[in-house]
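> could you work out the structure for the sequence below:
(one chain, ligands or ions: 2)
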Amino acid sequence: MQGLIPPGQSDLQCEVDRAHAALSKCCSPLDKYQAVMNLKETNGDCFYGLMAQRLVDYLPIIYTPAVGEACQQWSSLLARPQGLYISISDLGNVANVLYNWPEEDVRIAILTDGERILGLGDLGCNGMGIPVGKATVHTAAGGIHPRYTLPITIDVGCNRRSIREDPFYVGLRQERVRGDKYDELVDEIVDCLRQRYGPSLVIHWEDFAASNAFRLLAKYRERGYATFNDDIQATAAVTLGALMGAQRLPGVPPLRQQAFLFFGAGQANLGAAQLLVRALAEEGVPEEDAKRQIWLMDSQGIVYTGRKGRQLTPQKEAFARSQADTGLAEQVGKDLSKAVGLIRPATLIGAAAQGGAFSEGVVRALNQVTQETFGENARPAVFALSNPVEEAECTAQQAYDWTDGAAVFASGTAFAPVRRNDGSTFLPGQCNNCLVFPGVALGCVAAGATEVADSMMLAAARAIGRKLTSDELQRDSVLPRIERLSEIARAVGAAVSLEAIASNKASPSGLSALRCLPELGGTEPSELLQLAEGCIRQMQYDPFVPGSGLRTSG
Ligand SMILES: O=C([O-])CC(=O)C(=O)O
Ligand SMILES: [Mg+2]
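Ligands and ions are numbered 1, 2, ... in the order given. This next block holds a predicted model:
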């Protein structure tokens with residue numbers, strides 16, 4: 001290497017600082033995305049060092065929202081492969097493809113088929129940015145070694161013509177394969193993953209369309225895989241965590257007394273509704289009563305039994321209002337402010353990828369019905385969860401302005417703090433599944449979990465609600481600040497492993513690693529936190545002595 005690199009020596013910290021200074025010169029988030037991904041490719045130690053130290057600066061780049069733009073432009077980005085591509089033409093040959101992945105010890109596989117990337121829809125093979133970004137967050141926040149993560153894009157085609165016809169498109173130029181062949185491919189992938197990486201490999205599903213997401217999750221859970229769907233379960237856990245956090249603010253009505261209106265009946269809201277029912281059940285509310293507190297609204301209006309048109313999916317059917325609500329549903333039609341006026345919820349959760357759907361009229365009506373029902377100091381919850389930011393149902397500023405500061409607000413993509421008239425600031429919570437999935441994976445890996453049970457997701461939600469600090473509460477945040485992501489991931493990890501042990505979902509290897517935990521009894525056992533810290537990459541360069549040959553790492 002002598003002569004091929006400059007003579008001055010820098011340690012890792014200097015390289016991290018230099019990389020940050022260089023990246024600060026990028027003019028757009030997309031430029032920064034490309035530059036930082038290039039760094040990942042050329043100097044992994046420096047990249048992960050930078051992510052660990054400045055996650056809050058780089059999360060909006062490697063993750064939502066810039067990663068969404070990167071996926072939209074993926075074909076023309078000169079992106080180097082950072083994960084594994086398995087296509088429908090590999091059917092019957094998946095094992096060989098999988099053995100091309102160089103790592104022997106993978107603990108988490110993150111799979112997408114690119115059909116529902118964030119709120120951006122079908123991006124086909126260009127969705128690869130998402131599992132790659134999620135893997136990076138598993139490392140940067142959860143401390144999972146990058147070699148333990150395997151991002152996979154399953155290419156079965158793309159139903160967006162503009163993408164298929166893009167001359168630079170990197171995927172298969174065909175419509176999506178569906179039905180038996182699709183299922184066979186996913187089966188083969190999951191089987192081969194288990195064969196190569198063992199039964200406690202965590203399978204993390206990401207950004208599948210609802211028609212596949214629920215089915216695949218149920219199928220592989222039933223088959224005894226340690227598996228979770230980020231968009232259904234982790235989004236649900238962070239949403240429930242935000243609802244639990246809101247309970248700690250004065251004026252927010254008790255969960256068991258409210259009506260909840262879910263705008264959008266896709267994976268995120270259905271998952272949240274399912275988990276909410278479980279949480280209410282633990283408060284002693286019978287399941288049927290809990291369901292009666294919940295209203296779903298999709299593109300056809302209120303979800304109710306016997307609704308004309310397309311048949312309800314089983315997941316929607318579980319929350320369909322009874323025939324007794326037919327009159328109300330017909331009166332509402334597709335009008336959200338009418339729904340608010342007639343249902344009188346105190347919580348409105350949007351996850352329909354319809355930017356701006358929470359209009360001034362809707363938010364004002366929500367505030368009014370909340371105060372009429374629970375008194376003039378009562379505060380409604382407005383959660384605008386769709387990603388990326390253009391898809392958000394309303395902005396933080398709007399929610400505050402339209403309710404004279406009464407609303408408690410959370411969003412999927414971050415909004416800046418909002419200044420109040422008295423000079424203090426509201427701190428909008430970022431209700432993004434990144435507060436959950438790294439901790440869930442960490443907890444599962446640490447405990448050698450054989451299943452990702454609902455109770456483990458509930459434990460994750462509770463851990464998040466508990467972690468809110470008094471400063472955050474004072475600024476009306478319903479979730480811990482994203483700056484604390486690593487700390488939250490470890491707390492969620494601890495809670496998830498403890499619950500895995502308590503519900504007999506931990507395997508002997510995990511149990512022996514965690515053998516001291518039950519006696520510790522606390523909610524954040526220091527042993528587990530140490531274990532988590534132990535997983536973290538030791539980012540050190542070996543000293544380079546001129547004339548002695550290569551650096552051994554870096
Ligand atoms: O990636 C994110 O920001 C959250 C998420 O899973 C999605 O929107 O699909
Ligand atoms: Mg997702």
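> up against ligand 1, what does the stretch 1-150 of the chain have?
The interface of the stretch 1-150 of the chain toward ligand 1, taken as Cβ under 6 Å from any ligand atom, is made up of Thr64, Leu118. Just so you know, the C-beta spots here come from the backbone N, C-alpha and C atoms, and that holds for glycine as well.
> per-residue pLDDT, the residue in the stretch 251-400 of the chain that ligand 1 sits nearest to?
Residue nearest to ligand 1 within the stretch 251-400 of the chain (Cβ to the nearest ligand atom): Asn387, separated by 3.9 Å. Asn387 is assigned a pLDDT of 85 by the prediction.
> quick one, domains of the chain?
Per the record, the chain has its domains at 12-225, 251-421, by automatic domain parsing.
> from the chain's centroid, how far away is the last one?
Going back to what we said before, that points to domain 251-421. For domain 251-421, the separation from the chain centroid amounts to 20 Å (computed by Cα atoms, centre = their mean, to the nearest Å).
> likewise stretch 35-49?
23 Å.
> would you format the domains of the chain as a markdown table with distance to Arg462 included?
What follows is those, written out as a markdown table (distance: least, Cβ to Cβ, whole Å):
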| stretch | distance to Arg462 |
| --- | --- |
| domain 12-225 | 18 |
| domain 251-421 | 8 |
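> to Gly493, which of those lies closest?
domain 12-225 (6.7 Å; Cβ to Cβ).
> how many neighbouring residues does the residue of the stretch 351-500 of the chain found nearest ligand 2 have?
Per Cβ to the ion, Asn433 is where the stretch 351-500 of the chain lies closest to ligand 2, at 6.7 Å. A count of neighbours around Asn433, defined by other Cβ atoms under 10 Å, yields 28.
> need the nearest residue in space to it, chain neighbours excluded.
Of all residues not flanking Asn433 in the chain, Ala234 sits nearest, at 3.8 Å (Cβ to Cβ, 6 or more residues apart in numbering).
> check contacts around that neighbour.
Going by Cβ atoms under 8 Å, 6 or more residues apart in numbering, Ala234 touches Phe228, Asn433, Val436, Phe437, Val440, Met457, Ala460.
> show me which of these neighbour ligand 1.
Filtering the contacts of Ala234 for proximity to ligand 1 (criterion: Cβ under 6 Å from any ligand atom) leaves Asn433.
> give me every residue in the chain lying close to ligand 1.
Residues of the chain lying near ligand 1 (Cβ under 6 Å from any ligand atom): Thr64, Leu118, Asp207, Asp230, Asp231, Asn387, Gly412, Asn432, Asn433.
> of all the residues you listed, which comes closest to Gln82?
Distances from Gln82 to those, taken by Cβ to Cβ, are shortest for Asp207, at 16.1 Å.
> so that closest one touches Ile117, yeah?
Yes. Contact criterion Cβ atoms under 8 Å: Asp207 and Ile117 qualify, at 5.1 Å.
> list residues touching both of the two?
Counting by Cβ under 8 Å, 6+ apart, the shared contacts of Asp207 and Ile117 are Gly127, Ile130.
> so for stretch 83-96, what gets flagged as buried?
Buried residues in stretch 83-96, counted by 16 or more other Cβ atoms under 10 Å: Gly83, Leu84, Tyr85, Ile86, Ser87, Ile88, Asp90, Leu91, Val94.
> farthest-apart pair in those, please.
Gly83 and Leu91 (19.2 Å).
> is it true that Gly350 touches Leu385?
Yes. Contact status for Gly350 versus Leu385: in contact at 6.0 Å, counting by Cβ under 8 Å.
> what touches both of the two?
By Cβ under 8 Å, 6+ apart, the residues touching both Gly350 and Leu385 are Ala392, Glu393.
> how about stretch 326-334 as PDB, C-alpha atoms only?
Output of stretch 326-334 as PDB, limited to C-alpha atoms (Å, rounded to 0.1, in the frame of the first residue of the first chain):
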ATOM      1  CA  THR A 326     -75.200   0.600   8.400                       C
ATOM      2  CA  GLY A 327     -77.200   3.800   8.600                       C
ATOM      3  CA  LEU A 328     -74.300   5.800  10.100                       C
ATOM      4  CA  ALA A 329     -71.900   4.300   7.600                       C
ATOM      5  CA  GLU A 330     -74.200   5.300   4.700                       C
ATOM      6  CA  GLN A 331     -74.500   8.800   6.100                       C
ATOM      7  CA  VAL A 332     -70.700   9.100   6.300                       C
ATOM      8  CA  GLY A 333     -70.100   7.800   2.800                       C
ATOM      9  CA  LYS A 334     -66.500   8.600   2.100                       C
END
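> which residues touch that stretch?
Looking at stretch 326-334 with Cβ under 8 Å, 6+ apart, the contacting residues turn out to be 297, 299-302, 304, 306-307, 321, 338-339, 342-343.
> select only the buried ones of these in ChimeraX?
Here is the ChimeraX command that selects only those of those that count as buried (16+ other Cβ under 10 Å):
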select :297,301,302,304,307,321,338,339,342,343
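> in the contacts of stretch 326-334, which has the lowest confidence score?
Gly306 (89).
> and the gap between it and Ala290?
Distance of Gly306 to Ala290, computed by Cβ to Cβ, to the nearest Å: 22 Å.
> of the domains of the chain, which is nearest Leu485?
domain 12-225 (4.6 Å).
> and that closest one, what's its mean pLDDT?
Rounded mean pLDDT across domain 12-225 is 95.
> touching ligand 2 at all, it?
Yes. Applying Cβ under 5 Å from the ion, one finds domain 12-225 touching ligand 2 at Asp207.
> so how far is that domain off the chain centroid?
Chain-centre distance of domain 12-225: 13 Å, with Cα atoms, centre = their mean.
> does the closest residue to ligand 1 within the stretch 51-200 of the chain belong to a helix, a strand or coil?
Nearest residue of the stretch 51-200 of the chain to ligand 1: Thr64, at 3.2 Å (Cβ to the nearest ligand atom). Classification of Thr64 using DSSP: H, G, I helix; E, B strand; the rest coil returns coil.
> spit out the contact partners of the residue most central in space within the chain.
Taking Cα atoms, centre = their mean, the centroid of the chain lies closest to Asn433, which sits 2.7 Å from it. The neighbourhood of Asn433, defined by Cβ under 8 Å, 6+ apart, consists of Asp230, Asp231, Ala234, Thr235, Ala237, Val238.
> nearest to ligand 2, out of those: which one, please.
When those are compared against ligand 2 (criterion: Cβ to the ion), the nearest one is Asp231, at 4.3 Å.
> how about Ile110, phi and psi?
phi -110, psi 120 (degrees, to the nearest 10).
> the one 5 residues further on now?
Torsion angles at Glu115 (phi, psi; degrees, to the nearest 10) stand at phi -80, psi -30.
> roughly how far apart are the nearest residue to it once chain neighbours are set aside and Phe319?
Spatial nearest neighbour of Glu115, excluding adjacent residues (Cβ to Cβ, 6+ apart): Ala209 at 4.2 Å. Between Ala209 and Phe319 the computed distance is 20 Å (Cβ to Cβ).
> who has more neighbours, the two?
Set Ala209 next to Phe319 and count neighbours by other Cβ under 10 Å: Phe319 wins out with 21 against 17.
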